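K.L.:
need the 3D shape of this:
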Amino acid sequence: MMKKIGILCVLLVVFSCNESILEEQSFDTLTEDSFFNNYEEANASLIGVYDLLSEVNYYKRAFLMITGYAGDEGYHNADLFSRYEDGTLLPTDGYVTGLWNSIFYMHGKANFTIFALSNTPNLSSDEKKIFLGRLRFIRALNLFNAVRLWGDIPLVKEYLVTEENSYPSRTPKSEVYAYIEEDLEYAIENLNILEPQYGFPTKGAAYGLLGKVYMAQDKWPEAKVAVDEVIKLGVYDLLPNYLDVFDVNNENNIEEIFSIQFSQDATIAGEQSKGSLLAYFYLPAFNTLGYAGDPDHPKGQMRVEHATYDRYTTGDYTVDKRNELFITNYVNSNTGATVTRYPENTSAASQGPAYSKYRDPNNSNDRNYDNNLIILRYADILLMKAEIENELNGPTDVAYDAFDEVRGRSNSTLITRNLNKDTFRDAISNERGIELFGEFQRYFDVLRMKKNGESYYKYYRELLVSEGKFTHAAQNRWALGYYPKYELMPIPSDEMALNPNINIADQNPGY
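P.N.:
Numbers count the residues shown, from 1 in each chain. Okay, here's the model as predicted:
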């Protein structure tokens with residue numbers, strides 16, 4: 001399907017390089033001329049906010065690296081990447097700083113755009129409501145990422161033409177979550193059930209995101225209501241074939257609820273383009289796979305953790321079509337030779353399994369691919385329903401049915417229905433791990449879910465070491481087990497230097 005949102009970035013808020021990224025400029029001379037003259041200007045500004053999602057320091061690279069390496073999905077043997085799991089991450093890290101800056105810049109821009117839309121006389125009430133619904137949805141998603149990554153965050157609740165909130169201190173996360181919930185409740189009230197412009201959220205997307213927000217706070221009854229509302233809309237379904245969900249020629253399908261609309265950039269190549277980095281991130285050298293592409297592509301920066309690969313290719317998952325996306329050997333289309341990776345070849349740290357969920361076979365423009373990044377899809381909703389039901393009532397048939405609807409699409413072995421609440425939670429954690437592999441939800445899932453009162457993040461990090469799957473000497477430095485500090489990211493040093501209300505005493509533990 002054709003992607004209908006163009007890429008247009010209208011910069012309404014400008015931050016000086018020597019100011020805190022949180023400081024919003026004081027527009028003391030705002031007049032009616034500062035607001036939008038017509039629908040087209042308002043829409044262009046709205047797209048400018050959404051366009052920030054695809055920036056290098058957000059969902060194009062920084063967010064992927066941090067959440068991809070910090071969980072139990074991927075590894076790399078270079079210092080630039082292994083620092084997110086080997087205990088060496090510092091508050092000076094460039095990607096953490098870049099992501100922080102991107103998130104709070106986007107928040108400031110959303111706040112100003114909401115302010116301008118609310119005060120412009122040139123839009124109808126209905127036009128304002130749909131614009132504000134879209135803006136408040138994206139503001140909620142953006143802040144949800146922030147509060148999950150850093151915990152208490154400095155929260156500027158609205159654009160004000162004053163200097164009072166230039167340097168906010170950290171706001172308790174409970175207050176941040178309440179603010180996110182208010183935004184999503186507004187979005188639910190005002191967004192369309194069906195959205196003709198791909199890339200804008202729907203009522204179902206707002207309900208689904210609200211369900212995730214409630215689950216992150218263990219608000220299970222509220223989460224149940226939100227998730228059931230998504231299902232009751234009746235506009236989403238599973239595609240019969242799992243692989244079709246990610247086919248670059250089948251995007252914006254009935255399973256996708258909200259996605260970032262990456263599109264190949266016709267004018268700029270490489271990392272600064274508006275295209276996706278997903279295929280580049282995961283796949284071996286494209287030309288050896290018979291794809292068009294840069295012959296110098298570095299064979300996939302995100303390699304699959306050995307123990308994770310084993311978990312999803314054995315036992316119940318032996319007959320699972322989803323594990324076919326792991327690449328362990330392939331024929332080099334240039335030489336005809338078979339390239340063998342894990343488990344047969346463990347002589348080099350670079351030979352972990354690769355992953356092929358994201359392909360754009362006809363695109364030869366390096367780091368500029370057409371693959372959407374799905375933020376929310378219907379299979380996720382069904383697994384959320386199974387988890388919520390289990391937390392409320394244990395493994396009932398309602399929970400099993402939702403679980404098996406997802407598993408049954410790809411796996412001929414349905415779950416054995418004799419589990420208790422704890423063992424079914426284990427099964428849900430694993431099922432989410434394989435179903436959503438490579439969709440950058442795993443880190444947040446394992447932090448949120450609890451096993452014996454502690455995070456699954458701790459459990460899986462320790463399991464990776466205890467299973468002894470790190471077979472190359474270079475892996476020792478990132479196979480050192482569980483580091484509690486990685487349950488939150490560090491507040492960047494640059495922010496603490498610029499904001500007098502955030503100092504070293506306010507830093508997250510361990511940094």
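K.L.:
drop to CA atoms for contacts and neighbour counts, all remaining ones
P.N.:
Fine.
K.L.:
give the contact list for Leu238.
P.N.:
By C-alpha atoms under 8 Å, 6 or more residues apart in numbering, the contact list for Leu238 reads 254-255, 378-379, 406.
K.L.:
output the below-cut-off pLDDT ranges for the stretch 251-400 of the chain.
P.N.:
285-299, 346-350, 364-365 (pLDDT under 70).
K.L.:
how about the strands in the protein?
P.N.:
Here the chain has its strands, by DSSP state E, at 74-75, 153-154, 170-171, 256-260, 303-304, 326-327, 329-331, 338-340, 354-355, 373-377, 450-451, 454-455.
K.L.:
columns distance to Lys224 and mean neighbour count on top of those, output as TSV?
P.N.:
Listed next are these as TSV, based on distance: least, C-alpha to C-alpha, whole Å; neighbours: other C-alpha atoms under 10 Å:
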stretch	distance to Lys224	mean neighbour count
strand 74-75	31	28
strand 153-154	27	22
strand 170-171	27	15
strand 256-260	18	23
strand 303-304	33	28
strand 326-327	33	19
strand 329-331	42	15
strand 338-340	45	14
strand 354-355	33	26
strand 373-377	16	21
strand 450-451	18	16
strand 454-455	22	15
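K.L.:
out of those strands, nearest to Tyr105?
P.N.:
Among the strands of the chain, strand 153-154 comes nearest to Tyr105, with 12.4 Å by C-alpha to C-alpha.
K.L.:
name the surrounding residues that touch that closest one.
P.N.:
Against strand 153-154 from outside (C-alpha under 8 Å, 6+ apart): 22, 146-147, 168-173, 176.
K.L.:
quick one: average pLDDT of it?
P.N.:
Mean pLDDT, strand 153-154: 96.
K.L.:
mind listing what it pairs with, with the direction of each?
P.N.:
Strand pairing for strand 153-154, determined by DSSP bridges: strand 170-171 (antiparallel).
K.L.:
quick one: average pLDDT of the partner strand?
P.N.:
In this model, strand 170-171 has an average pLDDT of 97.
K.L.:
my read: Asp183 touches Phe137, true?
P.N.:
Yes - between Asp183 and Phe137 there is a contact under C-alpha atoms under 8 Å: 6.3 Å.
K.L.:
more neighbours: which of the two?
P.N.:
Legend: neighbour count by other C-alpha atoms under 10 Å for Asp183 and Phe137, higher for Phe137 (28 against 23).
K.L.:
residues contacting the more buried one?
P.N.:
183-184, 187, 201, 206.
K.L.:
now do the phi/psi pair for the spatially most central residue of the chain.
P.N.:
With distances taken as C-alpha atoms, centre = their mean, Phe440 lies nearest the centre of the chain, 4.6 Å away. Main-chain dihedrals, Phe440, degrees, to the nearest 10: phi 60, psi 40.
K.L.:
isn't it right next to Thr67, touching?
P.N.:
Yes - judged on C-alpha under 8 Å, Phe440 makes contact with Thr67 at a distance of 6.1 Å.
K.L.:
any weak-confidence spans in the stretch 51-200 of the chain?
P.N.:
In the stretch 51-200 of the chain, residues with pLDDT under 70: 161-165.
K.L.:
how does it look with 90?
P.N.:
Per-residue confidence for the stretch 51-200 of the chain (pLDDT under 90) gives these ranges: 71-72, 74-87, 119-122, 158-167, 196-197.
K.L.:
show the residue spans covered by the helices in it.
P.N.:
Assigned by DSSP state H, counting those that start in this stretch, the helices in the stretch 51-200 of the chain fall at 62-70, 79-82, 94-119, 125-150, 173-190.
K.L.:
which strands and helices sit next to the shortest one?
P.N.:
I take that to be helix 79-82. Counting contacts by 3 or more C-alpha pairs under 8 Å, 6 or more residues apart in numbering; DSSP states H and E, helix 79-82 packs against helix 62-70.
K.L.:
contacts for the helix it packs on, please.
P.N.:
Counting by C-alpha under 8 Å, 6+ apart, 56-58, 74-76, 81-82, 84-85, 95-96, 98-99, 302, 438, 440-444, 486 sit against helix 62-70.
K.L.:
do you know how far Glu158 is from Met302?
P.N.:
According to C-alpha to C-alpha, to the nearest Å, Glu158 stands 38 Å off from Met302.
K.L.:
who's more crowded, the two?
P.N.:
For Glu158 and Met302, the more surrounded residue by other C-alpha under 10 Å is Met302, and the numbers stand at 28 against 14.
K.L.:
is it correct that the more buried one is in contact with Gly352?
P.N.:
No - Met302 lies out of contact with Gly352 (C-alpha under 8 Å); the separation is 9.2 Å.
K.L.:
about what we covered before: tabulate the contacts of Leu238 (a markdown table), appending distance to Glu387 and neighbour count.
P.N.:
Shown next, in a markdown table, are these (distance: C-alpha to C-alpha, whole Å; neighbours: other C-alpha atoms under 10 Å):
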| residue | distance to Glu387 | neighbour count |
| --- | --- | --- |
| Ile254 | 23 | 15 |
| Glu255 | 19 | 20 |
| Tyr378 | 14 | 24 |
| Ala379 | 13 | 24 |
| Val406 | 13 | 22 |
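K.L.:
let me have the contacts of Phe137 in JSON lines, extended by distance to Asn38.
P.N.:
Listed next are the contacts of Phe137 as JSON lines, based on distance: C-alpha to C-alpha, whole Å:
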{"residue": "Asp183", "distance to Asn38": "24"}
{"residue": "Leu184", "distance to Asn38": "26"}
{"residue": "Ala187", "distance to Asn38": "22"}
{"residue": "Pro201", "distance to Asn38": "22"}
{"residue": "Ala206", "distance to Asn38": "26"}
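K.L.:
quick one: which of these is most hemmed in?
P.N.:
Ala206 (31 neighbours).
K.L.:
looking at it, that one is touching Ile188, isn't it?
P.N.:
Yes - Ala206 is within contact range of Ile188, at 5.6 Å (criterion: C-alpha under 8 Å).
K.L.:
re the thing from before, from the contacts of Phe137, pick the one nearest Gly270.
P.N.:
Closest approach to Gly270 among the contacts of Phe137 (C-alpha to C-alpha): Pro201, at 28.0 Å.
K.L.:
so what's that closest one up against?
P.N.:
By C-alpha under 8 Å, 6+ apart, Pro201 lies in contact with 134, 137, 191, 195, 257-258.
K.L.:
related to what we said a few turns ago, contacting residues for the residue nearest to the centre of the chain?
P.N.:
64, 67-68.
K.L.:
what do you get if the cut-off is 6 Å, keeping everything else the same?
P.N.:
By C-alpha atoms under 6 Å, 6 or more residues apart in numbering, the contact list for Phe440 reads Gly68.
K.L.:
quick one: it from Ile491, how far?
P.N.:
For Phe440 relative to Ile491 (C-alpha to C-alpha), the value is 21 Å.
K.L.:
can I get stretch 228-246 as CSV, trimmed to CA atoms?
P.N.:
Output of stretch 228-246 as CSV, limited to C-alpha atoms (Å, rounded to 0.1, in the frame of the first residue of the first chain):
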residue,chain,number,x,y,z
ASP,A,228,-11.2,-5.0,25.3
GLU,A,229,-12.2,-1.7,23.6
VAL,A,230,-9.6,-2.3,20.9
ILE,A,231,-11.0,-5.8,20.2
LYS,A,232,-14.6,-4.6,20.3
LEU,A,233,-13.9,-2.1,17.5
GLY,A,234,-13.8,-5.0,15.1
VAL,A,235,-11.4,-3.3,12.7
TYR,A,236,-8.2,-5.3,13.4
ASP,A,237,-7.3,-8.9,12.8
LEU,A,238,-4.3,-11.3,12.5
LEU,A,239,-3.0,-11.9,9.0
PRO,A,240,-3.1,-15.6,8.2
ASN,A,241,0.7,-15.6,7.5
TYR,A,242,3.0,-14.1,10.1
LEU,A,243,5.6,-13.1,7.5
ASP,A,244,3.1,-11.1,5.5
VAL,A,245,2.8,-8.7,8.4
PHE,A,246,6.3,-7.4,7.7
